[in-house]
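Novice: prediction below, plus the sequence it came from.
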Amino acid sequence: MLGKIKQDLQQNLFKTRLAELINMDHPLVKLAHEISWDKIEAEFEGLFSKEGRPSIAVRKIAGMLLLKEMF
């Protein structure tokens, strides 16, 4: 099953949103906005099973691999 990040449209009183904590002008944040995550997800979608344990999101794995190569 292809992992997805669930959108939480309801604010939680006791949790701070990540966008409020990070610098939105940081180069890695800008890079994340430039990458076409939908195309990457579509490319790898066929490699995932529709049954069994839910998978880790493609964006998370691809992002970690990018960070590993960059640093």
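Specialist: All right, it came through fine. All values derive from a computational prediction rather than experimental measurement.

Novice: list the buried residues for the helix or strand harbouring residue 68?
Specialist: In this assignment (DSSP states H and E), residue 68 forms part of helix 58-70. Neighbour-count burial for helix 58-70, counted by 16 or more other Cβ atoms under 10 Å, picks out 58-59, 62-63. The way it works is simple: take the backbone N, C-alpha and C, and place the C-beta from them, glycine included.

Novice: and those as TSV, adding distance to residue 24 and pLDDT?
Specialist: Listed next are these as TSV, based on distance: Cβ to Cβ, whole Å; pLDDT from 0 to 100:
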residue	distance to residue 24	pLDDT
58	23	88
59	18	89
62	21	90
63	17	92
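
Novice: can you tell me which of these is closest to residue 32?
Specialist: residue 63 (7.3 Å; Cβ to Cβ).

Novice: for the closest one, what are its contacts?
Specialist: Neighbour list for residue 63: residue 32 [criterion: Cβ atoms under 8 Å, 6 or more residues apart in numbering].

Novice: so how far is residue 19 from it?
Specialist: For residue 63, the distance to residue 19 (Cβ to Cβ, to the nearest Å) stands at 16 Å.

Novice: ditto for residue 52
Specialist: On the measure of Cβ to Cβ, residue 52 and residue 19 end up 33 Å apart.

Novice: ok, now residue 66?
Specialist: Going from residue 66 to residue 19 by Cβ to Cβ gives 20 Å.

Novice: same deal with residue 28?
Specialist: Taken as Cβ to Cβ, the span from residue 28 to residue 19 is 14 Å.

Novice: more neighbours: the two, which one.
Specialist: residue 28 (13 against 8; other Cβ atoms under 10 Å).

Novice: if we ignore the residues flanking it in sequence, what's nearest the more buried one?
Specialist: residue 67 (7.9 Å; Cβ to Cβ, 6 or more residues apart in numbering).

Novice: what about the chain, any weak spots by pLDDT?
Specialist: Low-confidence segments of the chain (pLDDT under 70): 1-13.

Novice: just checking, residue 22 touches residue 29?
Specialist: Yes: using Cβ atoms under 8 Å, residue 22 makes contact with residue 29 at a distance of 6.4 Å.
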